[in-house]
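Colleague: this is a predicted model, with the sequence first.
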Amino acid sequence: MTTFVINKLIMAMPEPIPTLFETYNLVRTIFTLLTIASYVLYGALIVWIVGKVVKLVAKMLFKRNKVSQISYLKLEERLKKINKLSKRGILFSILSGIILIIVLVWYLFRMVSGL
């Protein structure tokens with residue numbers, strides 16, 4: 001019974017207001033994570049664009065009979081795997097950026113409303 005009362009008292013206590021130093025550290029961490037997510041996005045976009053260019057060049061060479069059909073099909077299969085991974089990287093970086101921005105806005109709103 002005593003633990004029940006203590007738990008109720010703890011739950012009724014207001015949340016402590018975050019200090020300016022805590023807010024600065026959180027904002028700095030979130031911007032660092034956003035920077036990392038943007039680098040992942042840039043890398044995935046570069047891989048995706050290079051894959052499209054390689055596929056276009058391979059099609060041109062195949063049409064001119066400079067590349068065998070077997071090697072063209074192997075290249076196309078590998079490019080499909082690479083494109084799938086780069087699309088996942090793009091999706092991951094966009095979603096993580098959105099989540100981090102939401103967390104940052106929520107925390108700053110909480111900070112302002114707590115003052």
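Modeller: Nice, thanks for sending it over.
Colleague: give me the low-pLDDT residue ranges for the protein?
Modeller: Filtered on pLDDT under 70, the chain yields the residue ranges 1-21, 114-115.
Colleague: try it again with 50
Modeller: For the chain, applying pLDDT under 50 flags no range at all.
Colleague: name the element Val50 belongs to?
Modeller: helix 20-63 (DSSP states H and E).
Colleague: could you say what helices and strands that helix packs with?
Modeller: Helix 20-63 sits against helix 69-114, with contacts defined as 3 or more CB pairs under 8 Å, 6 or more residues apart in numbering; DSSP states H and E. No exception for glycine: its C-beta is placed from N, CA and C like everyone else's.
Colleague: quick one: residues contacting Ala58.
Modeller: Taking CB atoms under 8 Å, 6 or more residues apart in numbering, we find Ala58 in contact with 67, 72, 75-76.
Colleague: count of neighbours near Leu79?
Modeller: 16 (other CB atoms under 10 Å).
Colleague: for PyMOL, write the select line for the buried members of the contacts of Ala58.
Modeller: In PyMOL, a selection of the buried entries from those looks like this (16 or more other CB atoms under 10 Å):
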select buried, resi 67+72+75
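Colleague: how near is the spatially most central residue of the chain to Val27?
Modeller: The centre of the chain sits closest to Ser93, judged by CA atoms, centre = their mean, with a distance of 2.2 Å. Using CB to CB, to the nearest Å, we find Ser93 at a distance of 20 Å from Val27.
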